[in-house]
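S.K.: Task: produce atomic coordinates for the following.
(chains A and B)
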Number of protein chains: 2
Amino acid sequence: MLQVLKALALMNAMRKVLKISSKELAEKIGQSIQAASRKLKELEDEGLIERTLTKDGQFVVITDKGKELLYKEYLDYKRIFEGEGEFVIKGKVFSGLGEGRYYVSLEGYKKQFEEKLGFTPYPGTLNLKIPKEQMFFRAKLDEMEGIKIEGFKTKERTFGDVKAFRCRVNGIEGAIVIPQRTHYPKDVIEIIAPVKLRDVLGLKDGDWVEVEVIV
Amino acid sequence: MLQVLKALALMNAMRKVLKISSKELAEKIGQSIQAASRKLKELEDEGLIERTLTKDGQFVVITDKGKELLYKEYLDYKRIFEGEGEFVIKGKVFSGLGEGRYYVSLEGYKKQFEEKLGFTPYPGTLNLKIPKEQMFFRAKLDEMEGIKIEGFKTKERTFGDVKAFRCRVNGIEGAIVIPQRTHYPKDVIEIIAPVKLRDVLGLKDGDWVEVEVIV
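M.R.: Below you'll find the predicted structure:
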């Protein structure tokens, strides 16, 4: 019924009295003439439209009650799409091998974190293991471009590119960093922040953490 | 199915993986557990959600396809409520008794038309007879405040208040004027404009005219 009311609104029946036969409506909504006619009757009975039959045909207009119903829907959709650029990944804290600490401290990366993320990261990462039911948004990170932290070379070796995403963990701003290595595990994320998140948030292995990704 | 998808979106399932049992969903949407469960299955089959069952329960997230469908709805509603402040009254041109010409020319009204509407009206009104199926919006004008044109007194008599509404007739801006007399006919509107609408638009008695009311 709502879909028919919406179809009438899209034909401007909220702003003008619309001349429409049940046959025309049926074509618009892709249903039978009987169904279209029955739905108009229902909308009328509910006071959502006013209908007038004259020798010239059927005229329909959306009432204030109908408009209110549509407006409520509109507000729902607005709510859904507001602050659209954020999503949440949930994971479980685990202890890494201290590799994060090493990489974050490297001048070649650190400089870029400061420039591109706007903070000096605490030397270390908070590691989260992502359970399978939470993989949907973890996989999104692989599709998304993020903020590119360029790789670099030292005399000894080459360091690869890293993708970063601004994020928030319990209100503290930080960034998810994903090394662009082929064999980097897909069910893990590492987070850097200006502070030691584990201490500040009192986290221990096995605790659940929600990471709001800001895009 | 769309309503269930929307309900999930309102529970934030577009931005995070949502843990929800079919029982909880059933309560949310006011339907039976079986219906809720079946609808989730349908949404999954259509690729609108992704569902994961683990020993901890049922997890649901809205896919990009689901998000697109919701976004399309959102855009429809946006379109419906954009330029919301306008509606259209359709009526048939008829010749009045020349009373309009007399009133519009009176200095007491004319001055206010200039001040409050921003134009000097052509001395005369375009009269429209509103058929019964178009009365919905004509009746709205009686409920609405409009722009108040104050009545005034001369030595001979008293002239009453007039309500005005900015409007557009085939792109020409003007105003509907409704004298606040008790016995003014409800199925008529009179329009004033800077030009003689009848001539400029080539109108004759019996022609249909659409009046866009700007509120």
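S.K.: contacting residues around the helix or strand containing A:E44?
M.R.: Here A:E44, judged by DSSP states H and E, is contained in helix A:33-45. Residues from elsewhere that reach helix A:33-45, judged by Cβ atoms under 8 Å, 6 or more residues apart in numbering or on different chains: A:1, A:4-5, A:8, A:22-23, A:25-26, A:29, A:31, A:49-51, A:58, A:60, A:66. Quick note: C-beta positions are derived from backbone N, CA and C, even for glycine.
S.K.: quick one: that helix to chain centroid distance?
M.R.: How far helix A:33-45 lies from its chain's middle: 37 Å, per Cα atoms, centre = their mean, to the nearest Å.
S.K.: next SSE after that helix?
M.R.: Counting by DSSP H and E, the next helix or strand C-terminal to helix A:33-45 is strand A:49-54.
S.K.: Could you pick out the longest helix of chain A?
M.R.: Scanning chain A for the longest helix, with DSSP state H as the assignment, gives helix A:64-81.
S.K.: Whichever helix or strand comes after it near chain B at all?
M.R.: Heading C-terminal from helix A:64-81, the first helix or strand you meet, by DSSP H and E, is strand A:86-94. Yes. Strand A:86-94 lies within reach of chain B by Cβ under 8 Å from any Cβ of the partner chain, at A:86-90.
S.K.: Among those residues, the buried ones, what's the ChimeraX command?
M.R.: Burial among the residues of strand A:86-94 next to chain B is assessed by 16 or more other Cβ atoms under 10 Å in any protein chain shown; the matching ChimeraX selection reads:
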select /A:87,88,89,90
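S.K.: Of the residues of strand A:86-94 next to chain B, which one scores lowest on pLDDT?
M.R.: Looking at the residues of strand A:86-94 next to chain B by pLDDT, the weakest one is A:E86, with 84.
S.K.: give the contact list for that residue.
M.R.: Contacts for A:E86 were tallied using Cβ under 8 Å, 6+ apart; they are A:212-215, B:15.
S.K.: just to revisit the earlier point, ok, and the most crowded of the contacts of helix A:33-45?
M.R.: Neighbour tally across the contacts of helix A:33-45 (other Cβ atoms under 10 Å in any protein chain shown): the maximum, 27 neighbours, falls on A:L8.
S.K.: Could you verify that that one is part of a helix?
M.R.: Yes. The assignment for A:L8 is a helix, going by DSSP: H, G, I helix; E, B strand; the rest coil.
S.K.: ok, which stretches of chain A are helices?
M.R.: Under DSSP H, chain A gives helices at A:2-10, A:22-29, A:33-45, A:64-81, A:99-105, A:107-117, A:135-143, A:197-200.
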